[in-house]
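Undergrad: Predicted model, plus sequence, below.
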Amino acid sequence: MRPQADKFVQQASHQDTAMPSVAGDWDEPADLTKPPATIPDLSSVDVPPELEREIREHMAKYPNKRSAALPALEAAQRVHGWCSPEAFRQVAAVMQVTPAYLSSLATFYDMLNTEPVGRHQVYVCTSVACNLRNAQALLEALQEAGEGYEDANIRGFECLGACDMAPMASIDNRYVGPIDPSEAPDVIAALKEGRPPLPGRGVNDEGFKLPWDKDGADA
Ligand code: FES
């Protein structure tokens, strides 16, 4: 997970129309007249049992429970589709921290969505190795094929550490590649039909081989 630079850039661009100041207009000033944030009482929050179990498992791994905040938010995002106010409340109640603390983390990391996005996460690597193998065309082809399909969050991403599969994408956490732009409609059709896109092309799929490993060239 990495800091959410694109959000910062977007926010910074608002400064064009605002009075310059040290902090720009990134944040509303804190309202010091309000009572301090409170930690939700677990007994008053309806947390899905599976989610609570997973959050507690993460908390058990660390001496400081706050270290579990990112995996806990990721788990809540899986349940809710995004880090909604209710997701924050549920995680906060289990971890016994304030929702504001969790929100401050979630807005910093770009794999935690603080606005609704599609449930299918399609991250197309556009870093150097993939870019040299037509990644930009792949991204555009996927976005075009997925136009109007709001259940897919299709976006460019930095190197996903699978450069040997270039051009590749992480599709719902499954690393798939190499993908030709002409295969984009198949990928989107598979997502709509609930089947794994490009079977056999995921790095952990049975029999997975890169094109240059085939015909015994992998010895
Ligand atoms: S450059 Fe695409 S995975 Fe590394």
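TA: Structure's in. What do you need?
Undergrad: same for the helix or strand hosting S170, what does it pack against?
TA: S170 is part of strand 169-171, with elements assigned from DSSP states H and E. Strand 169-171 sits against strand 120-125, strand 174-176, helix 184-193, with contacts defined as 3 or more CB pairs under 8 Å, 6 or more residues apart in numbering; DSSP states H and E. For glycine as for every other residue, the C-beta is placed from the backbone atoms N, C-alpha and C.
Undergrad: quick one: which of the ones you listed is nearest the ligand?
TA: Closest approach to the ligand among the helices and strands packed on strand 169-171 (CB to the nearest ligand atom): strand 120-125, 3.3 Å.
Undergrad: partners of the closest one, with directions?
TA: Strand 120-125 has the following strand partners under DSSP bridges: strand 152-157 (parallel), strand 169-171 (antiparallel).
Undergrad: want to try CSV for the ones you listed, with distance to the ligand and mean pLDDT as columns?
TA: Formatted as CSV, those follow (distance: least, CB to the nearest ligand atom, whole Å; pLDDT from 0 to 100):
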stretch, distance to the ligand, mean pLDDT
strand 152-157, 8, 94
strand 169-171, 9, 97
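Undergrad: residue contacts, the closest residue to A169 other than its chain neighbours?
TA: With CB to CB, 6 or more residues apart in numbering as the criterion, A169 has its nearest non-adjacent residue at 4.5 Å, and that residue is V124. Contacts for V124 were tallied using CB atoms under 8 Å, 6 or more residues apart in numbering; they are C130, A135, L138, L139, L142, I154, R155, G156, F157, P167, A169.
Undergrad: Figure out the helix or strand that the fifth one lives in.
TA: If I follow you right, that is L142. Taking DSSP H and E as the definition, L142 sits inside helix 135-145.
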